[in-house]
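S.K.: Pasting a predicted model and its sequence here:
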Amino acid sequence: MIRRFIDKLFGGKPKRGPRVLPLEAHGIQRERIHPCALKTARALREAGYGAYVVGGAVRDLLLGREPKDFDVATDATPEQVRQVIRRSRLIGRRFQIVHVYCGADIIEVTTYRAASPAGDDDDESRVTAEDGMLLRDNVFGDQRDDAARRDFTVNALYYDPESQEILDWHGGVEDAGKRLLRMIGDPTTRFREDPVRMLRAARFAAKLDFHIDPATRAPIAELASMLERIPTARLFDEMMKLLLSGHAERGVHQLRAEGLHHGILPMLDAILDDPARQKFLHAALRDTDERVRHGHSASPAFMLACLLWFDMRAEWRRNQETSRSEQAALYDAMDAVLERQRDSLAFPRRFDGTIKEIWALQSRFEQRAGARPHRLLAHPRFRAGYDFLLIRARGGDAPTELADWWARFPNADEAERKAMQAELAGESTGKSPRKRRRRRRKPEDGGGGAEVD
């Protein structure tokens, strides 16, 4: 009532409700919603609260894609959600949310959010920096407010599991049909509130094969420097979402097109400015995209190993010039590069072990004589190291012959493995391999045993 009075008093446009699309109009049946999301929404409704499946899951289902995550939005506060759903946990400070646990699956439940009420500029639940960046925001509102606070129109869709209707507040269904990514509200203000939205724009455009609305794109070049203020841990999470999305190659191109690649990942700057490194990077991104699209796992540690490989190798070569042992030079180089990079991008230390093992295995692939290849096959990181070798070969950083040899060796029988090694031995001497003969010692030679010639 108060808002309607203020709008009327100052000539504001009357507030309209959402466009309601029935099942026949959008085709998303209840059975396509994750059972845990349905169970969560049902529990909240039975407790007297509203609850809708919201955001990316509704968008992806509308586009005929399989959602990776399902989120629920409600008018219940985080504490009320916790009271209704026993297996849940309250997390976050900047934005308080609730994680609901269903076995290995997690449903994220958020309370409707709104702008700070008039006259509450000192409200500690909403803190904004001088340049407009939101530092903390836990001001709750209704669904209309919540829809206005979401970033892009295609992410402001609410699916009612009970009626199977979609509530569309900002034309997201129409924009999805046009494959258009459009910011809700004034783009400059919204990007200032949260500069990570610029990265999300690039990621969604690449992932969904959408084009960015010109008005949404316009302020990005001017505001890109605000990303320097984002905590490095959050920046790392957002970049990994892009690089492990299954559309990483297109995503990196989108970053360059928007002028967002400089300063976000310093290692990415160096790679994209070096033609030799570019070939390697695109081989790595293409391989990762294929893995994700075929339902295979993709590791942040593996991607970091790819992004930092050239830096580590250059450091290793410098260390070798100081006359220390090769192994010491290698491990000092790995430690130095990882620590230096962590200053600008806070990736977890738990990745370090995997990264180092992948790097250390590369020189062992070149050692193909005797029992060494057999021992390498038994290494727990053999597959990751071999995948890395394949990317190096495709990127022109390792001999194709070496990658082909290791493609054959694991599946060969013992006789074929011996033949492959014998062939290598012949190539190294420039002669055909000669079978070594045994001769019998003469009695006068001091014994009757056999001796290797």
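M.R.: Thanks, I have it.
S.K.: Summarise which helices and strands the lengthiest helix in the chain is packed against.
M.R.: In the chain, taking DSSP state H as the definition, the longest helix is helix 300-320. Judged by 3 or more Cβ pairs under 8 Å, 6 or more residues apart in numbering; DSSP states H and E, helix 300-320 is in contact with helix 232-243, helix 266-272, helix 275-293, helix 326-342, helix 352-364, helix 382-394. C-beta coordinates here come from the backbone N, C-alpha and C atoms, glycine included.
S.K.: out of those helices, which comes closest to residue 104?
M.R.: helix 275-293 (19.0 Å; Cβ to Cβ).
S.K.: Make sure residue 159 is actually in contact with residue 28.
M.R.: Yes - contact between residue 159 and residue 28 holds when scored by Cβ atoms under 8 Å: they sit 6.4 Å apart.
S.K.: which residues of this protein score low on pLDDT?
M.R.: Low-confidence segments of the chain, defined by pLDDT under 70: 1-15, 94, 115-138, 262-267, 270, 323, 427-453.
S.K.: how does it look with 50?
M.R.: Scanning the chain for pLDDT under 50 picks out 1-14, 116-126, 134-136, 433, 442-453.
S.K.: Let me see the domain layout of it.
M.R.: 1-178, 300-429 (automatic domain parsing).
S.K.: all strands of the chain, in order?
M.R.: Counting by DSSP state E, the chain has strands at residues 19-21, 51-54, 71-74, 88-91, 97-102, 105-111, 126-128, 134-137, 157-160, 165-168, 180-181, 211-212, 438-440, 450-452.
S.K.: Residue 187: which of the ones you listed is closest?
M.R.: strand 211-212 (9.9 Å).
S.K.: packing partners for the closest one?
M.R.: By 3+ Cβ pairs under 8 Å, 6+ apart, strand 211-212 packs against strand 180-181, helix 196-208.
S.K.: got the angle between the last one and helix 232-243?
M.R.: Here the directions of helix 196-208 and helix 232-243 differ by 20 degrees (axes from the mean of the first three to the mean of the last three Cα atoms, to 10 degrees).
S.K.: so how far is helix 196-208 from its chain's centroid?
M.R.: Counting by Cα atoms, centre = their mean, to the nearest Å, helix 196-208 is centred 12 Å from the centre of its parent chain.
S.K.: Run through who's touching it.
M.R.: With contacts defined as Cβ atoms under 8 Å, 6 or more residues apart in numbering, helix 196-208 is touched by 59, 63, 151-152, 154, 179, 181, 183, 190-191, 210-212, 216-217, 220, 223-224, 227, 230, 234-235, 238-239, 241-242, 245-247, 250-251, 253-255, 257-258, 260, 264.
S.K.: List buried members of these by neighbour count.
M.R.: 59, 151-152, 154, 181, 183, 190-191, 210, 212, 216-217, 220, 223-224, 227, 230, 235, 238-239, 242, 245-247, 250-251, 253-255, 258, 260, 264 (16 or more other Cβ atoms under 10 Å).
S.K.: Just the ones in helices from these, please.
M.R.: Per DSSP H, the buried ones among the contacts of helix 196-208 map to helices at 59, 190-191, 216-217, 220, 223, 235, 238-239, 242, 250-251, 253-255, 258.
S.K.: follow-up on the earlier one: for the longest helix of the chain, what is the distance to the chain centroid?
M.R.: 20 Å.
S.K.: Mind listing what's buried along it?
M.R.: Result for helix 300-320 [16+ other Cβ under 10 Å]: buried residues 300-313, 315-316, 319.
S.K.: And for stretch 348-360?
M.R.: 351, 352, 354, 355, 356, 357, 358, 359, 360.
S.K.: residue contacts, the nearest residue to the third one once chain neighbours are set aside?
M.R.: What that stands for is residue 354. With Cβ to Cβ, 6 or more residues apart in numbering as the criterion, residue 354 has its nearest non-adjacent residue at 3.9 Å, and that residue is residue 301. Residue 301 is in contact with 351, 354, 355, 358, counting by Cβ under 8 Å, 6+ apart.
S.K.: Report the beta-bridge partners for residue 113.
M.R.: Beta bridges link residue 113 to residue 140 when assigned by DSSP bridges.
S.K.: Residue 200 versus residue 326, what's the distance?
M.R.: For residue 326, the distance to residue 200 (Cβ to Cβ, to the nearest Å) stands at 44 Å.
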